[in-house]
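Undergrad: Next one to model:
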Amino acid sequence: MPVRSSLFDLTGRNASICRTCLHIRQRTVQVQQPWIAAYSSQVPRTRTRSRTRRQGRETGFRKPTESELLSQLAEAQEGSNDSPHTIRFFEQDGDKRVELQDDGSFEQSLSGLDATEFKESLLRMKNALPSDQEKEAFEEVMRGLGGSSWDRIRTAEDIEQMMSGVDNYNASLDAEIEETAMQLPEDIRERFHLAMAEWLPKIEDGAVPQRNPVPQIPPEPWTINQFKKITRLNTVISKVSRDMLRPAGLTEKHVLAVYKAYHAARRSLASNWSGIPINVWDFLWNIFSANSKINKQRFAHVSQLSRDMAEAGATLSYPQQLLTIEALFVDGWENKAIENWKRCVATLGKESEETFQDFWELGVRMHCRIGDLEHAESATQRLLANHADPRILLPVIQTLSERGTPSDHEKAWSSYRQMRELLGRDMNIKDYDKVVSYFLTTNQVENALFAFVDMMSDGSIDMKQLKRMPSVVANKFFLGKWLKRLIGAGDLDGAYTVVEFMRQKGVQAAPVQLNGLIGAWQRSGGADNVEKANDLAWKMIEARIAFVSAREAGKSIAYTEKNKVASLPPATLETFCVLAENYRTRNLQAQMGLLWDAFRDAKISPDAFMMNQLLESYLQSGQAEEAEKLYHTLVVEQGVTPDPYTFSALWKLVGINRFYRTDDKMIRNDIETARKLFAETAKFKSVFLEDGMDIQLSRKILHTLRRLKDPAGFMVALTTLKEHFKFLPTETLVVEMVLGTKKLSWDTPAQRRKLLLAKREIDQELIAWADEDMSKLEGEKRGVALYEYLQKKLWPAMSNEEGARSLVDVAKQMGVYELLMSKKGTTDL
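TA: Numbers count the residues shown, from 1 in each chain. Have a look, this model is predicted:
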């Protein structure tokens, strides 16, 4: 006989068993099957039952008669009275099996809802209350909501009953508040309702305010494959609905998640648009029409959603229709958007509708965008006739300016004057800036000037009525204000256009104004702008050289009556510095050479900044000798005073800092060079700030001498820096010196071990120096301790007398012997 399949022994989790059958099976238990565990909830089978089953299969299945069923039931009841029994229920989740307490827990498990967490949350709320009085009040409220057994809720029905009680309780509170408010004076009651309007619901006909259900798409009539994607959309909608109630509200992440889920399910939804509830459409609309700050594809999303809603036959409100028209236009459906706009004139464009102003403003913008000025002006007049914001004329001014004909430019000016008259004192600087920008970008420089004069004079000067520019306008100070505003707004091309226009009127810009324009062009980073900056700078340099040549020849440059065009201003030192910095950054050595030649021809006294740019340029090109000659020419011969950045560049010129490999001869030469350079640095110690030498320059000097293995020079430099440049070494610098590296690394175990050992040694020496008094290692005292430790660690290995003579000779060579001897109390040398 074949073995009985184990599939017959498997039962579903929700399969319920009546007590009568359980009693019958319990009564016949004799031998438990070996494959069933002792703790299983299944009733063990018996051999007698197996024989009966085999006999039944042999004789065929026969339905028991009513008398047989009654007899078996009586036997079961008799057996239950004679032999007590218990039934244990278990719930299994994966490999975890949990025994249920009683029948109620079993029924609760079958229902799929666990109210334990909800009950425990309520108990935690009660226990968190500080006083017994508050706990009693909490229990009283909960008894009013869920009855006396509120702390024993177990099933879904219990939760629903309690939530219904919550709704009723809220309704009673709202009704009580409303009743109390009706007894207040009318003026106080109005203020009270305004203050409570955000959270006090209206009670109408005793209705209880209900919680809004989460929008969901029903499972019918979709196929299984279609509903998989729809289920995903439902899940996302549920999550976003909950998150929107939090303080953060709707975020960009939520919008992207909803759109992704909707886009994935869209093809499935298209098979039956009518199956989508209205509240789901409303939810999707609220998400996709969210502010563009969190929804960068707002109009594209709205455009697609509106088309889907149209196919589904969903009705759009007037504001939704208006946004749909705008979305269609922005999404590239211009003709369809214009057509829909015209069709909605009688509805959305009615003066009594809330969409009136937005509808006609949208019409103005759309018709201006496609160049249909006739309809745009008609819509504008419709708005102005209803006292709308006169700024609606701005897109009309822009479109008229872009058309380019003289008549259109005249209309643009007339529209600007109309807007200005309607706004009066409400016209602000941003409005003027927009108008000036429209005029400049369309080469209406004169109109732009007149508008700017209107802004500066508050309309008291009408340039259209004057034959010549007044002196308050025709000067470089007025021009400077205009250029500053244009450059600050980023309209660099417009600024240059203004310069040329004013130059044609005989007004010359100041060099500092054009230097600002050159720098702004360079900072913009565009190749065209950099080229424009270069051209303007060289024109100014040529003007400077021409001025110098005329001055040396005894000539003068003057305007003639026939030529009233002003020349460009001559270049200044700032012009050369701005251009030199740009060339150095871009590593243009040839242009830097030409600039230096022009600088000498311009007969401008150089300064440290210009010298530093040239030094860095020579350094980048590897021309160390040229850099040294330049420094000698400018500082020694022409008397230019260097600054700290000059010495930072000079210390980079030492061979040990420029080459990867050096021989003994180069080392000896570099030692001599470094000592002379330190003497030059000490010579100009007055150029350093009162706070002393910068830590980076000090670090470069000490590392250079360390790498040259010049302990005597290192010791002299260290002492001089401390005594005369207010320098104290940092702990990081000391570790670098001890390990002999400029770059500490922590990458490998060996490197970490070396760092830890060096740090441990330094700490031990500092503690010994302080006699284990840690207060002596605070603030500047720690720097002094590190300085003395570094001296002790790197002191030259020679006898005292020999070392003293060597240090004196080195100090004289480094130009600081007298400086150190003049320092009272200096005993380091």
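Undergrad: quick one: average confidence on the strand or helix carrying residue 596?
TA: Element membership of residue 596 [criterion: DSSP states H and E] is helix 589-601. Mean pLDDT, helix 589-601: 90.
Undergrad: For residue 727, what is the enclosing helix or strand?
TA: Using DSSP H and E, residue 727 falls outside every helix and strand.
Undergrad: can you check residue 470 too?
TA: Going by DSSP H and E, residue 470 is not in any helix or strand.
Undergrad: neighbours around it, how many?
TA: 13 (other Cβ atoms under 10 Å). Bear in mind the C-beta positions are built from the backbone N, C-alpha and C, glycine included.
Undergrad: Also residue 441?
TA: By other Cβ under 10 Å, 16 other residues sit near residue 441.
Undergrad: How about residue 120?
TA: Other residues close to residue 120 by other Cβ under 10 Å number 10.
Undergrad: Can I take it that residue 99 is in a helix?
TA: No - counting by DSSP: H, G, I helix; E, B strand; the rest coil, one finds residue 99 to be strand, located in no helix.
Undergrad: so it bridges to which residues?
TA: Residue 99 forms beta bridges with residue 90, as assigned by DSSP bridges.
Undergrad: Give me the local confidence score for it.
TA: 70.
Undergrad: ok, now how distant is residue 288 from residue 214?
TA: 18 Å (Cβ to Cβ, to the nearest Å).
Undergrad: cool, and residue 526?
TA: Look at residue 526 and residue 214: by Cβ to Cβ, they are 51 Å apart.
Undergrad: Neighbour count: the two, which is higher?
TA: More crowded of residue 526 and residue 214, by other Cβ under 10 Å: residue 214, with 15 against 11.
Undergrad: thought that one was touching residue 236?
TA: No - counting by Cβ atoms under 8 Å, residue 214 stays clear of residue 236, with 11.3 Å between them.
Undergrad: which residues sit against the helix holding residue 596?
TA: Outside helix 589-601, the residues within contact range by Cβ atoms under 8 Å, 6 or more residues apart in numbering are 541, 545, 548, 576, 579-580, 583-584, 606, 610, 614, 617, 620-621.
Undergrad: Likewise for stretch 375-388?
TA: Applying Cβ under 8 Å, 6+ apart, the external contacts of stretch 375-388 come out as 351, 356-357, 360-361, 363-364, 367-368, 389-390, 392-393, 395-396, 399, 422.
Undergrad: ok, now with 7 Å
TA: 351, 357, 360-361, 363-364, 367-368, 390, 392-393, 396, 399 (Cβ atoms under 7 Å, 6 or more residues apart in numbering).
Undergrad: Weed out the non-buried ones from these.
TA: Buried subset of the contacts of stretch 375-388 (neighbour count, 16 or more other Cβ atoms under 10 Å): 357, 360, 361, 363, 364, 367, 368, 390, 392, 393, 396, 399.
Undergrad: In TSV, list those residues along with distance to residue 161 and pLDDT.
TA: As requested, the buried ones among the contacts of stretch 375-388 are arranged in TSV below (distance: Cβ to Cβ, whole Å; pLDDT from 0 to 100):
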residue	distance to residue 161	pLDDT
357	51	92
360	55	95
361	53	94
363	56	94
364	59	94
367	61	94
368	62	94
390	62	94
392	58	94
393	64	95
396	65	95
399	66	94
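Undergrad: residues of whatever helix or strand residue 698 lives in that come out buried?
TA: Remark: residue 698 resides in helix 695-707, with elements defined by DSSP H and E. Neighbour counts over helix 695-707 (16+ other Cβ under 10 Å) mark 697, 698, 699, 700, 701, 702, 703, 704, 705, 706, 707 as buried.
Undergrad: Which strands and helices lie in contact with it?
TA: Helices and strands touching helix 695-707, by 3 or more Cβ pairs under 7 Å, 6 or more residues apart in numbering; DSSP states H and E, are helix 644-652, helix 655-658, helix 664-683, helix 711-724.
Undergrad: Which elements pack onto the second one?
TA: What that stands for is helix 655-658. Right, helix 655-658 is packed against helix 664-683, helix 695-707 by 3+ Cβ pairs under 7 Å, 6+ apart.
Undergrad: contacts for that helix?
TA: Residues from elsewhere that reach helix 655-658, judged by Cβ under 7 Å, 6+ apart: 624, 651, 662, 666, 670, 704, 707, 708.
Undergrad: run the last query once more with 8 Å
TA: With Cβ under 8 Å, 6+ apart as the criterion, helix 655-658 contacts 622, 624, 651-652, 662, 666-667, 669-670, 673-674, 700, 704, 707-708.
Undergrad: does residue 771 sit in a helix or strand, and which one?
TA: Using DSSP H and E, residue 771 falls within no helix or strand.
Undergrad: Please read the previous query as pertaining to residue 513.
TA: Residue 513 is part of helix 511-524, with elements assigned from DSSP H and E.
Undergrad: Check residue 795 too.
TA: Here residue 795 is covered by no helix or strand, with elements defined by DSSP H and E.
Undergrad: Which residue is the nearest non-sequential neighbour of it?
TA: Once flanking residues are discounted, residue 795 sits nearest to residue 715: 6.7 Å by Cβ to Cβ, 6 or more residues apart in numbering.
Undergrad: Would you agree that neighbour is in contact with residue 791?
TA: Yes - Residue 715 is within contact range of residue 791, at 6.8 Å (criterion: Cβ under 8 Å).
Undergrad: Looking at these two, which is more packed in?
TA: Taking neighbours as other Cβ under 10 Å, residue 715 and residue 791 compare with residue 715 leading, 23 against 16.
Undergrad: Could you tell me how far the more buried one is located from residue 442?
TA: Counting by Cβ to Cβ, the gap from residue 715 to residue 442 is 72 Å.
Undergrad: ditto for residue 390
TA: 21 Å.
Undergrad: try residue 638
TA: As defined by Cβ to Cβ, residue 638 lies at a distance of 50 Å from residue 442.
Undergrad: of the two, who's got more company?
TA: Neighbour totals were compared for residue 638 and residue 442, and residue 442 leads with 19 against 11 (other Cβ under 10 Å).
Undergrad: Tell me who's in contact with the more buried one.
TA: So residue 442 contacts 401, 402, 404, 409 (Cβ under 8 Å, 6+ apart).
Undergrad: Just the element for residue 219, please.
TA: Here residue 219 is assigned to no helix or strand, by DSSP H and E.
Undergrad: Need the pLDDT of it.
TA: 82.
Undergrad: isn't it right next to residue 227, touching?
TA: Yes - counting by Cβ under 8 Å, residue 227 is a contact partner of residue 219 at 5.7 Å.
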